[in-house]
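S.K.: Below: sequence and its predicted model.
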Amino acid sequence: MSATERTDVLVIGSGFGGSIAAYHLAAGGANVVVLERGPWLSGKDFDHDYLLGSSYTRVFDFVAGDGMSVLGGNCVGGGSVVYFAALPRAPRFIFERTGGTGRRLWPASITRDTLDPWYDRVSESIPVTQQSWDDVTYAGGLWAAACNHSGHTANPVPVGVDNAKCVNCNWMMAGCRFDAKRSLLFNYLPGALAHGAQIRPLHEVQQISRTDDGGYRVHYKIVDDEDYRIYHEDGAIDAKIVIVAAGAGATPPILQRSEATLGAMPPGVGRYFSGNGERLYTAVLNDDKVRDVLGLSRNGKAYGAYQIGKGPVVACWDYLDGARPEFSRFSLEQLYFPPGLGTILAQAPGVTDGPTWFGPRKKEMLKRWQDWLIIFQMTEDNNEGVFGPPPPAGNAFRISQQMLGRGPLRYVPTEQTLRGWAEADAACAEILSKDGLAEGAPWTNDVVGAYTVHPLSSCRIGDDPATSALDDRHELRGHPGIFVTDGSAVPTGVTVNPALTIAALAERAIPGIVQALRDRDVDVTYGAPTPGGGTSSPMTAA
C-alpha cells in the first residue's frame, strides 16, 4: 500500500468510539478508512474453549502494568465483541464528580440531562432492552434472593442481547457464536460498510505525523494473524481528520509516540487513567443454606450453577445514592467470569496466614467451583493511573504469541480509592454471609495488581486544559483535526458498566467532527438514521 493513499477520515480502532464515527461520517458522504489492530471474526469463528489460537486468545488483549492490568478487546468490533453487553446509563451524580479536587471534572456542557438524548440514540441502534425476571439466570436470581434476604434491592440489568437467540451457554465473553449479542458487528459497522467505509483488520497504528497540506499521516504496521509479536510491511495513509479510538490502554501510547512528529501533547495525555474502580468478589455458597435460608433449588441442587447462563443479569444499585459521599458509591453486579484468570485470582476466604490465592485452602475451594458466585464491584476510583514512555511499537511489549503483554501503565491507589474498595467488599460480605449463606473474599491484587475490563479517562474531555487532554468536542488540544472518541475520553469512572456512556459520548461528538470536516472542504452532512438496529444482518469479513 502506497504512503500516498488518501482519505477524508482515518479512524483508529473499531470499538464503540471508532464504529460510531465511521458510520455517521461515511453515511454523511465522507471517505472513511478504519484501521483495526485485531482480526475480523464473526459468529462461526467464536470457539468455546480457551486454547492458544482460539478466538478467546485472538480477540482479547491482556496487558499487565505496574499496579494495574487491563483486559480489552482486540478485534473488529472491539470491546463490543467480548463484553457482557450490560448497558446501564451512568447515575446522575457521576457528572458532578470532583475526585477530591474541589472542581467538577466533567465539562460544564455535559450532564445526565444533556447526555440522555445521545443515550437514546445509541439504545435505538444497538438496541438496549430491559431484562425481565423471566430472563434472569439462576445465578442472577440467587444474587437477587440474597440481596432481598439481607434487606437490599436488586434489579435486572439492561442489556444488548437478543434473548430469543441466547442459549445461556455463558461463552459470550469470548464472542457470541449464536449471534445473540448485539455487538457492533450488527449495527454501526455494517452500516458504515454499506456507506462505503473500508475496514482493515490487523493494521496496528504506531504514530501520527503532519502532512505539508495541513492534514495528517497515520503510520501503521501489518500484524501477523497468528503471532501478534510479528510485524509485516509498514504503511501510511493521509487524512484530513484523524479519529483515535484505540481504547484507553492503547490511545495514549499512539499519541505519546506522535510527539516526535506532531509536537508536544497536552499534559492530560496518558494521565488520570481510571479502572472504573473495579474489583471482583468470589463467594463460595453453602448449598444447605441456599436451600434452607433462601428456599432455592434447581434440578435437585441448591446451586451448582456458576457456569450456566450468561454474564451480568442482576445488580444491586442501593449504594448508587448521590447523597452518599464521593468514593462511597458503587454498584454490585452478579457476573460470570470464565475459568482461567478468575480461578487464579480468587482468594480462599478465611485464610489468615500465608498467601490466600494458592495453597491447600485454595485447592479445596477450586473443587467447589460450581458453587461460586462472582460479584462485580464498580466503585469510584481517583483517576490514579499514569502511562510511562510508550513501547517501541503497539501498546505493550508482547510476551506471548497472542493476548499477553507488559505495558507502561502505573497505578497506585489512593486512600479514597482504597476506602471505596473496602466499603464495596464489606457490602458484599454483609449480603452474602448473612445466616451463613456463603464465605467470600475479593480477588487478590498480589498477582497482577488491580485489574479492569473497563479502562477509562487516559485522554479525557474537560474544561481545564491542565487536566483534560481534550476539549468538550473531543478535539485534542493543540492539534486541530485529531479527535478521541473511545473510553479514554470519559472523564471519570461511572460506577456502572460504561459501554453505553462511551457510545453516547461518541454520538455526541459527531456533529463537531462533521463541522471540522466541512471546514476542511469535505462535503459531508449530519443526520443519518439509526443504523439498522435489530434488523441488521451480521457483518462478515470481506
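M.R.: That came through, no problem.

S.K.: contacts and neighbour counts: CA atoms only from here.
M.R.: Noted.

S.K.: Tell me who's in contact with the spatially most central residue of the chain.
M.R.: When C-alpha atoms, centre = their mean is applied to the chain, the residue found nearest the centroid is residue 454 (3.6 Å). Contacts for residue 454 (C-alpha atoms under 8 Å, 6 or more residues apart in numbering) come out as 70-72, 275-276, 487, 497-498.

S.K.: Next step: those restricted to strands.
M.R.: 70-72 (DSSP state E).

S.K.: doesn't residue 377 fall inside a strand?
M.R.: Yes - secondary structure of residue 377 (DSSP: H, G, I helix; E, B strand; the rest coil): part of a strand.

S.K.: Wait, it touches residue 332, no?
M.R.: Yes - with contact defined as C-alpha atoms under 8 Å, residue 377 reaches residue 332; the gap is 4.9 Å.

S.K.: between those two, what contacts are shared?
M.R.: In contact with both residue 377 and residue 332: residue 424, using C-alpha under 8 Å, 6+ apart.

S.K.: quick one: residue 4 from residue 236, how far?
M.R.: 8 Å (C-alpha to C-alpha, to the nearest Å).

S.K.: out of these two, which sits in the more crowded spot?
M.R.: residue 236 (22 against 11; other C-alpha atoms under 10 Å).

S.K.: Where does the more buried one fall, secondary structure wise?
M.R.: Using DSSP states H and E, residue 236 falls within strand 231-244.

S.K.: quick one: average pLDDT of that strand?
M.R.: Averaging pLDDT along strand 231-244 gives 97.

S.K.: helices or strands up against the helix or strand following it?
M.R.: The helix or strand immediately downstream of strand 231-244 is helix 251-257, counting by DSSP H and E. Other helices and strands packing on helix 251-257, by 3 or more C-alpha pairs under 8 Å, 6 or more residues apart in numbering; DSSP states H and E, are strand 203-210.

S.K.: Could I get the CA-only coordinates of the helix or strand of the chain with the lowest mean pLDDT as CSV?
M.R.: Using mean pLDDT, DSSP states H and E, helix 341-345 stands out as the lowest-scoring helix or strand of the chain, at a mean of 83. Output of helix 341-345 as CSV, limited to C-alpha atoms (Å, rounded to 0.1, in the frame of the first residue of the first chain):
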residue,chain,number,x,y,z
LEU,A,341,-7.6,-15.7,35.3
GLY,A,342,-10.6,-15.8,37.6
THR,A,343,-9.6,-19.1,39.2
ILE,A,344,-6.1,-17.9,39.8
LEU,A,345,-7.0,-14.5,41.3
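
S.K.: Could you pull out the buried residues of it?
M.R.: Neighbour-count burial for helix 341-345, with 16 or more other C-alpha atoms under 10 Å as criterion, is recorded at 343, 345.

S.K.: Could you point out the helix or strand that follows that helix?
M.R.: Next along from helix 341-345, by DSSP H and E: helix 360-367.

S.K.: what's the distance between that following helix and the middle of its chain?
M.R.: A distance of 31 Å separates the centroid of the chain from that of helix 360-367, by C-alpha atoms, centre = their mean, to the nearest Å.

S.K.: Could I get the average pLDDT for that helix?
M.R.: The pLDDT scores in helix 360-367 average 90.

S.K.: I figured residue 333 hits residue 373, correct?
M.R.: No - between residue 333 and residue 373 there is no contact under C-alpha under 8 Å: 10.6 Å.

S.K.: Which neighbours do the two have in common?
M.R.: With C-alpha under 8 Å, 6+ apart applied, the contact sets of residue 333 and residue 373 do not overlap.

S.K.: so where's the protein shaky on pLDDT?
M.R.: 1-3, 533-542 (pLDDT under 70).

S.K.: which one is residue 254 nearest to, not counting chain neighbours?
M.R.: residue 207 (5.2 Å; C-alpha to C-alpha, 6 or more residues apart in numbering).

S.K.: And residue 351, by the same measure?
M.R.: residue 361 (7.6 Å).

S.K.: do residue 498 as well
M.R.: Leaving aside its sequence neighbours, residue 498 sits nearest to residue 454 (C-alpha to C-alpha, 6+ apart; 6.9 Å).

S.K.: for residue 149, same thing?
M.R.: Nearest non-adjacent residue to residue 149 (C-alpha to C-alpha, 6+ apart): residue 294, at 7.5 Å.

S.K.: which residues touch the one you found?
M.R.: 145-146, 149.

S.K.: same thing with residue 335?
M.R.: Contacts of residue 335 (C-alpha under 8 Å, 6+ apart): 140, 311-313, 373-376.

S.K.: Can you report how many residues lie near residue 29?
M.R.: 17.

S.K.: Contacts for stretch 394-413 next, please.
M.R.: Contact with stretch 394-413 is made by 52-53, 57-68, 204-206, 226-229, 249-250, 253-254, 381-382, 384-391, as judged by C-alpha under 8 Å, 6+ apart.

S.K.: rewinding a little: the residue nearest to the centre of the chain belongs to a strand, doesn't it?
M.R.: No - according to three-state DSSP, residue 454 belongs to no strand; its state is coil.

S.K.: Tell me how far it lies from residue 278.
M.R.: 8 Å.

S.K.: I'd assumed residue 352 was in contact with the residue nearest to residue 351.
M.R.: No - with contacts counted by C-alpha under 8 Å, residue 361 stays clear of residue 352, the gap being 11.0 Å.

S.K.: on that earlier part again, torsion angles phi and psi at the residue nearest to the centre of the chain?
M.R.: With angles defined as degrees, to the nearest 10, residue 454 sits at phi -130, psi 70.

S.K.: How about residue 116?
M.R.: phi -60, psi -40.

S.K.: got it, and the one 10 residues further on?
M.R.: Here is the backbone geometry of residue 126 (degrees, to the nearest 10): phi -80, psi -40.

S.K.: Could you double-check that it lies in contact with residue 185?
M.R.: No - using C-alpha under 8 Å, residue 126 makes no contact with residue 185, being 10.0 Å away.

S.K.: Now the residue nearest to residue 149, what are its backbone angles?
M.R.: According to degrees, to the nearest 10, residue 294 has phi -100, psi -10.

S.K.: ok so, going back, any idea how far the residue nearest to residue 254 is from residue 356?
M.R.: 43 Å.

S.K.: Can you give me the neighbour number for residue 183?
M.R.: For residue 183, using other C-alpha under 10 Å, the count is 28.

S.K.: can you pull the contacts of it?
M.R.: Taking C-alpha under 8 Å, 6+ apart as the definition, contacts of residue 183 comprise 77, 80-81, 85, 126, 160.

S.K.: wait, which of those residues is closest to residue 502?
M.R.: Of all the contacts of residue 183, residue 502 sits closest to residue 80, with 11.4 Å by C-alpha to C-alpha.

S.K.: give the contact list for the closest one.
M.R.: So residue 80 contacts 15-16, 73, 183-184 (C-alpha under 8 Å, 6+ apart).

S.K.: What strand or helix carries it?
M.R.: Short version, using DSSP H and E: residue 80 is in helix 79-82.

S.K.: tell me the SS of residue 434?
M.R.: On the three-state scheme (three-state DSSP), residue 434 is labelled helix.

S.K.: what about the helices in the stretch 51-200 of the chain?
M.R.: 55-59, 79-82, 112-125, 138-149, 188-194 (DSSP state H, counting those that start in this stretch).

S.K.: Single out the most deeply packed of these.
M.R.: Mean neighbour count (mean count of other C-alpha atoms under 10 Å) peaks for helix 79-82 among these, with a mean of 26.

S.K.: For that one, what is the distance to the chain centroid?
M.R.: 8 Å.

S.K.: Alright, that wraps it up for me.
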